[in-house]
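> here is a sequence with its predicted model. Questions after.
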Amino acid sequence: MSAAVDALRIDELRKTFGDTVAVDDVDLSVPQGAFFGLVGPNGAGKTTLLSMAVGLLTPDRGNAWVSGAAIWPVAGSEQAKAALGVLPSGLAMPPRLTGAELLHYLGLLRGMRAAVVKARTDELLDVLDLRAAERTLIGDYSTGMQKKIGLAAALLHGPRVLVADEPFEAVDPVSAAVVRAILDGFLAAGGTVIMSSHVMALVEQLCDHVAVLDHGRVLRAGTLDQVRAELTLQEAFAALVGAKPPSRGLSWYES
Ligand SMILES: Nc1ncnc2c1ncn2[C@@H]1O[C@H](COP(=O)(O)OP(=O)(O)OP(=O)(O)O)[C@@H](O)[C@H]1O
């Protein structure tokens, strides 16, 4: 029954695209209350793994649970959907709605009372500094604004587990501090955050648990200290994935 105690548990999830094994029988456990960082080189399989973990992508095989509620093989149970907030990568949001309209419709689709949706929408727009863009269509949002309204959409229904693909990407420093404050409050209230990131310093600063993924496999996972093992996370990451600095620059810039 250990599935019931983990915020996210993944058992042997696998996904192939043609000849590419994007996720290679991955096992992963994220304890309740953790700030979990998923790191790995480009193409390591992070987005594919997280997409399967939240029910957005069908695995070839394997199981996943959110707070003990099955995501796979029982795709997207109501209990799992209620527990989960998702900020996916490559957000595809309705471009002809304003941010407030998006939150309004998402809230109603989730069965929330209109008054609660309105109050939370107002608070989210204020806190995320999107009030000035109240009449702006999402299609006209900047990349960072889209990320912020995506986070608002992920948190509107009060999930206990937030899965966020690069939540700080394209977000300005002031907004990044706001996002951090929101995540801190979410964690303090007993929530669990699972985020992917390429910024090792950020992961090292924020996360208490980390997994390093490469070629679809978990190379190391555990607490931050277990994973970095006396090194900086950047050094541990480079050692684990076997990264070498390029031996030369571009030939046409060399004298
Ligand atoms: N829809 C798809 N069709 C074909 N191949 C795919 C598809 N999605 C992902 N892949 C492949 O699966 C592998 C893992 O991709 P994925 O996007 O999960 O990596 P990632 O770790 O998120 O990368 P990045 O850090 O660059 O965002 C890559 O080889 C990628 O080309």
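Everything's here; your move.
> tell me the phi and psi of the one residue sitting closest to the centre of the chain?
By Cα atoms, centre = their mean, the chain has its centre lying nearest to residue 164, at 1.7 Å. Taking degrees, to the nearest 10, you get phi -130, psi 120 for the backbone angles of residue 164.
> show me what it bridges to in the sheet.
On the basis of DSSP bridges, residue 164 takes part in beta bridges with residue 87, residue 195.
> and the longest helix for this structure?
Using DSSP state H to assign secondary structure, the helix with the most residues in the chain is helix 173-188.
> returning to that earlier point: check contacts around the residue nearest to the centre of the chain.
Applying Cβ atoms under 8 Å, 6 or more residues apart in numbering, one finds that residue 164 lies in contact with 86-87, 151, 154, 193-196. For glycine as for every other residue, the C-beta is placed from the backbone atoms N, C-alpha and C.
> which one of the residues you listed is nearest the ligand?
Comparing those against the ligand with Cβ to the nearest ligand atom places residue 196 closest, at 6.8 Å.
> tally up the residues packed near that closest one, please.
Residue neighbour count, defined by other Cβ atoms under 10 Å, stands at 24 for residue 196.
> same check, this time on residue 11
Residue 11 is flanked by 16 other residues according to other Cβ under 10 Å.
> distance of it relative to the ligand?
Residue 11 sits 19 Å away from the ligand, taking Cβ to the nearest ligand atom, to the nearest Å as the criterion.
> could you do residue 150 as well?
From residue 150 across to the ligand, the span is 16 Å (Cβ to the nearest ligand atom).
> ok, now residue 126?
Distance check for residue 126 against the ligand: by Cβ to the nearest ligand atom, it reads 31 Å.
> mind listing the helices for the protein?
When assigned using DSSP H, the helices of the chain occupy the ranges 46-53, 78-83, 99-109, 114-127, 143-155, 173-188, 200-206, 224-228, 233-241.
> okay, now residue 237: neighbour count?
By other Cβ under 10 Å, neighbour count at residue 237 equals 25.
> who's in contact with it?
Applying Cβ under 8 Å, 6+ apart, the residues contacting residue 237 are 39, 200, 212, 243.
> and what of residue 186?
With contact taken as Cβ under 8 Å, 6+ apart, residue 186 is in contact with 155, 162, 193.
> quick one: residue 203 and residue 197 touch, right?
Yes. With contacts defined as Cβ atoms under 8 Å, residue 203 counts as touching residue 197 at a distance of 5.2 Å.
> what is in contact with the two at once?
When Cβ under 8 Å, 6+ apart defines a contact, the residues bordering residue 203 and residue 197 alike are 37, 39.
> could you pick out the buried ones from the contacts of residue 237?
Listed as buried from those are 39, 200, 212; burial here means 16 or more other Cβ atoms under 10 Å.
> could you dump those residues to TSV with pLDDT?
What follows is these, written out as TSV (pLDDT from 0 to 100):
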residue	pLDDT
39	96
200	93
212	97
